[in-house]
Structures are given as structure tokens and as C-alpha cells.
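In: Have a look; sequence and predicted model below, questions after that.
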Amino acid sequence: MAYQGPKRFLDAVRALSLLPGIGEKTAQRLIFSLMKNPKDKIPIISQSLTDLMHHVRPCTICFGYSEEPVCPVCLDERRHKHVLCVVQDPTDIFAIEKSAQFHGMYHVLGGVLAPLDGIGPDQIRIRELLARIQGGPISEVILATNPNVEGDATALFISQKLERQDIKVSRIAQGIPAGGSLEYIDQHTLGRAIADRRVWV
């Protein structure tokens, strides 16, 4: 069998390969890069990841990432409290914020409906969303799940749950490619999609 490298090197490659979008070859290149100056790079990265694990948590209101129990967006009194943007993942908040077109509040579902994978309404934060809408001054819900089959199905499910309430339900406008992921969309396209959102039903 051909020699592939020391065991700890291979363990590090396998560990990086666990990340989405990182294959074995990419992980190998990253480890090679780290090993060129290990004392300069590895301690900084290691400490950052340790700090991330111990200090970043879901916001208790919107479930976005925060270092405090409540995130800065939820604490900001200048935000429009009556408009709620529903997203799939915390990283979608960062993407929308870069567009500078949205000034309301957020709710992170933590996934989308995917029955074939065993993900139903109870596996994502739809119950928390409905409770939040009933308990707050929400007059508009923007459904900003990704524009793919699962994202559309989730948006439709939520809109049906809200159809008997006096709430405007809108879906982010097209312009975002079908099957795309919000975190990879440029800020101008995403900003336009938020600004030109349409009524969902």
C-alpha cells in the first residue's frame, strides 16, 4: 500500500473533510498550507474554533448566531418590529444584512421541510415561529427560504398556517437562481430580491 502520510496528518485531513464543500484533496491542500508555518497558523485557528464553540450560541429570540443570550439585531430598537423575515439558516441573516435592504426582525428555522430525509414541521422551528407571531406585533412575514423545492415547500407550508391570520405573507422575489443558496448570492441581487418581494398567496 502506498504511503499516504503520518496518521495524525491523515486524521487532520479527515477532520477537515467533514466540512461541507471540502473534499479530501482540498482538505489535504489546507493541511499542507497549515504545516508550512504550523506555529503561526495552527494555534490561531485552534483558539478561534475553541472560542466559537464556547461563546457563540443561538439567540433566544430569533435563533441567529450570538455571543449573548439575545443578538444585536433583536436588541436594536431601530429595527421594524412588525416585519419578520423567515430564513433557513443563521448565515442567511448575514447575507440579507449585507444587502442593506431589510430593517426588520428575523426568525431562523434551522432547516427546511424534507420528508424523504425525515424532516417534518416538528424538526424545524415552525412551532416557535407561530408562537412568536401570535405573541408579538407582527403584521408582515417575509418567507426567505432558499428558492428550491424544499425551500418553496417550507414557504408554502408556513403561508398556509398563516392564511387565517391578519398578516401579509410575502416571498422574496425571483432573481435568485433556482436551487441557489442565499449565503452565496451577491449582495445586490439579494437586496433586489428583498426590495421586490411579492405576496406569496
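Out: Thanks, I have it.
In: Count the residues that sit near residue 196.
Out: By the criterion of other C-beta atoms under 10 Å, residue 196 has 12 neighbours. In this view, the C-beta of every residue, glycine as well, is placed from N, C-alpha and C.
In: correct me, but it touches residue 173?
Out: Yes. When contacts are counted by C-beta atoms under 8 Å, residue 196 is listed as touching residue 173 (3.9 Å).
In: Grab the nearest non-local neighbour of residue 55.
Out: The shortest distance from residue 55 to any residue that is not its chain neighbour, by C-beta to C-beta, 6 or more residues apart in numbering, is 5.3 Å, and that residue is residue 67.
In: what about the one you found, distance to residue 155?
Out: In this structure, residue 67 and residue 155 are 30 Å apart, going by C-beta to C-beta, to the nearest Å.
In: Then residue 197?
Out: Summarising the geometry, the distance separating residue 197 from residue 155, computed by C-beta to C-beta, is 11 Å.
In: okay, the two: which has more neighbours?
Out: The residue with the greater number of neighbours, taking residue 197 and residue 155 and applying other C-beta under 10 Å, is residue 155; the counts read 26 against 19.
In: Over to that one. Which of the three states is it?
Out: The assignment at residue 155 comes out as helix when based on DSSP: H, G, I helix; E, B strand; the rest coil.
In: Tell me which residues are up against the helix or strand of the chain with the lowest mean pLDDT.
Out: Least confident helix or strand of the chain, by mean pLDDT, DSSP states H and E, is strand 198-199 with a mean of 72. Strand 198-199 has contacts (C-beta atoms under 8 Å, 6 or more residues apart in numbering) with 168, 169, 170, 171, 173.
In: try stretch 43-62
Out: Taking C-beta under 8 Å, 6+ apart as the rule, stretch 43-62 contacts 34, 64-67, 69-71, 73-74, 90, 93, 105-108, 132.
In: run the last query once more with 10 Å
Out: Identification of contacts with stretch 43-62 by C-beta atoms under 10 Å, 6 or more residues apart in numbering yields 34, 63-75, 84-87, 90, 93, 105-108, 110, 125, 128, 132, 136.
In: These in strands, which ones?
Out: Cross-referencing those against strands under DSSP state E gives 65, 66, 84, 85, 86, 87, 105, 106, 107, 108.
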